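K.L.:
Sequence and predicted structure below; questions after.
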Amino acid sequence: MQPLHFFLGANSEEGFSSLYEQLLGGRFDDLLILKGGAGSGKSTFMRRVGAAVERTGERVVYINCSGDPDSLDGAIFLDRRAAIVDGTAPHVLEPSYAAACERYVDLTRFYDLDAAKARRAEIIALSDEYRAHYRSAYRALRAMGEVESERRVAMHAQMDFAKLRRRTSGILARELRSEGEGSGRVVRAFLGGVTKHGDICRFDTVEELCPRVYALCDSAGLGNEMLQTIAQAAQEKRFDVIICPNPDRPEECQHVLIPERGLAFVTTNARMLYEGKPYRRLRLERLTRAQKAKLRFIRRVETSLLEEAVRTLTDAANAHDTLEAVYRPCIDFSGVTALAEEEIARLIK
């Protein structure tokens, strides 16, 4: 059984967009909120516990870091109603029901304070540099969003939405005739976004959950209304739904997964190309008559701004790696490992 990968944060034109709050409110019997700075072993802690749960044969949902997807921000163990999450900035979490449901796990206890303070100047400089790179990335993403708005306006103005609604009704009549066995619960999670590796999307997670995939060829949010309608209809039929917002514009829907039906509706375009073999392919861009020459020019500008955002996210990741290297000699990793083993014992029991 392969682990699943989602994101609960995204780098957008509005800055960091977070979906972490939905982990609170008593959803889990045991939610561990890790506290600790760069290099304190949070990601390693989560991987160690996640690997232990995987060895039991249970599926683990890993939450990847929005800027550096090679790093972890969380691990969810659905069969045990438990999870671990990095609760430090920019996704700070405070317990809703302290100890009863959520609790802090403090990794700062393993710092050698004297050693860290001896490297104070380096730590401050690298931390400031890391944050500055993120501010630059968000400026590039804002500029890209403004340019993209021109393309979206042009394509939406020429879109045959009446025809799209008819197609949506046909899909609903065919795919959601029966009632689901869930409660109509909705979970929101990003499938990817702009990272230091460029645009990524975890379509492997989609295929692990949903063998039948409708691929919507759409580069301008033309399918948002269709996806929202499908998600609402599935919810009304008592199917549990995973809604994946657009990381650029989190108020919009980009993918919808209905695991009970083994059914997914995913957006595919040049930035996030679905390379699998879809069950159905809907070419939404054929329903619009926008000027192609203008669209090509806008895409070139978007591509340039996206490259700038990725470059600065890479710079931020490099600064963070250097910061971790500075902290590393100041941390008792044997203590972090021992604490992880304590939590594994508690969780498995």
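P.N.:
Everything's here; your move. Numbers count the residues shown, from 1 in each chain.
K.L.:
Counting by contacts, list what the helix or strand harbouring A154 packs against.
P.N.:
Element membership for A154 (DSSP states H and E) is helix 120-157. Applying 3 or more CB pairs under 8 Å, 6 or more residues apart in numbering; DSSP states H and E, one finds that helix 120-157 contacts strand 9-12, strand 15-18, helix 292-327. Every residue, glycine included, has its C-beta placed from N, CA and C.
K.L.:
hmm, 6 Å instead?
P.N.:
With contacts defined as 3 or more CB pairs under 6 Å, 6 or more residues apart in numbering; DSSP states H and E, the packing partners of helix 120-157 are helix 292-327.
K.L.:
what's the following helix or strand past the helix it packs on in contact with?
P.N.:
Where DSSP H and E defines the elements, the next helix or strand beyond helix 292-327 is helix 333-348. The contact list for helix 333-348 (CB atoms under 6 Å, 6 or more residues apart in numbering) reads G41, F45, R48, V49, A52, A82, F110.
K.L.:
Skipping its backbone neighbours, what lies nearest P69 in space?
P.N.:
T195 (5.1 Å; CB to CB, 6 or more residues apart in numbering).
K.L.:
neighbours of that neighbour, just the number please.
P.N.:
Using other CB atoms under 10 Å, T195 has 24 neighbouring residues.
K.L.:
Could you measure from it over to A309?
P.N.:
Distance from T195 to A309, counting by CB to CB, to the nearest Å: 10 Å.
K.L.:
Equivalent analysis for K349, please.
P.N.:
From K349 over to A309 (counting by CB to CB), the distance is 45 Å.
K.L.:
Between those two, which has more neighbouring residues?
P.N.:
Taking neighbours as other CB under 10 Å, K349 and A309 compare with A309 leading, 25 against 5.
K.L.:
separation between the residue lying closest to P90 once chain neighbours are set aside and A293?
P.N.:
Closest residue to P90 apart from its sequence neighbours, by CB to CB, 6+ apart: F16 at 4.5 Å. Separation of F16 from A293 (CB to CB): 35 Å.
K.L.:
neighbour-wise, which of those two wins?
P.N.:
Higher neighbour count among F16 and A293: F16, with 15 against 7, using other CB under 10 Å.
K.L.:
quick one: that one and A89 touch, right?
P.N.:
No - the criterion here is CB atoms under 6 Å, and F16 misses it with A89 at 9.1 Å.
K.L.:
and F190, what are its phi and psi?
P.N.:
Backbone geometry at F190, expressed as degrees, to the nearest 10, gives phi -80, psi 150.
K.L.:
tell me the contacts of it?
P.N.:
Contact analysis of F190 by CB under 6 Å, 6+ apart lists F7, A10, P247.
K.L.:
how about a markdown table for those residues, with distance to L176 and neighbour count added?
P.N.:
A markdown table is the format used below for the contacts of F190 (distance: CB to CB, whole Å; neighbours: other CB atoms under 10 Å):
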| residue | distance to L176 | neighbour count |
| --- | --- | --- |
| F7 | 27 | 27 |
| A10 | 28 | 25 |
| P247 | 27 | 26 |
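K.L.:
Considering the residues you listed, which is situated nearest to Y104?
P.N.:
F7 (23.1 Å; CB to CB).
K.L.:
how close does the nearest residue to the closest one once chain neighbours are set aside sit to R286?
P.N.:
Closest residue to F7 apart from its sequence neighbours, by CB to CB, 6+ apart: F190 at 4.0 Å. Per CB to CB, F190 is found 27 Å from R286.
K.L.:
Could you do L273 as well?
P.N.:
17 Å.
K.L.:
the more surrounded of those two?
P.N.:
Set L273 next to R286 and count neighbours by other CB under 10 Å: L273 wins out with 13 against 9.
K.L.:
do you know how far that one is from R296?
P.N.:
From L273 to R296 the distance is 18 Å (CB to CB).
K.L.:
same deal with Y62?
P.N.:
In terms of CB to CB, Y62 sits 38 Å off from R296.
K.L.:
Looking at these two, which is more packed in?
P.N.:
Y62 (20 against 10).
K.L.:
Where does that one sit: helix, strand or coil?
P.N.:
strand (DSSP: H, G, I helix; E, B strand; the rest coil).
K.L.:
That one against L4, yeah?
P.N.:
No - Y62 is beyond contact range of L4, at 7.0 Å (criterion: CB under 6 Å).
K.L.:
burial count for the closest residue to G36 other than its chain neighbours?
P.N.:
Using CB to CB, 6+ apart and skipping the chain neighbours, the partner closest in space to G36 is L107 (3.3 Å). By other CB under 10 Å, 22 other residues sit near L107.
K.L.:
what does the one 4 residues further on give?
P.N.:
Using other CB under 10 Å, the number of residues around Y111 comes to 19.
K.L.:
and what of D160?
P.N.:
14.
K.L.:
Once you drop chain neighbours, what's closest to it?
P.N.:
Per CB to CB, 6+ apart, closest to D160 is L287, 4.6 Å.
K.L.:
Which phi and psi values does L113 adopt?
P.N.:
phi -60, psi -40.
K.L.:
Next one: it relative to I331, how far apart?
P.N.:
Applying CB to CB to L113 and I331 gives a distance of 11 Å.
K.L.:
out of these two, which sits in the more crowded spot?
P.N.:
Neighbours per residue, other CB under 10 Å: of L113 and I331, the larger number sits with I331, 22 against 9.
K.L.:
Pull the contacting residues for that one.
P.N.:
Applying CB under 6 Å, 6+ apart, the residues near I331 are F110.
K.L.:
Before I go, just wanted to say thanks for your time.
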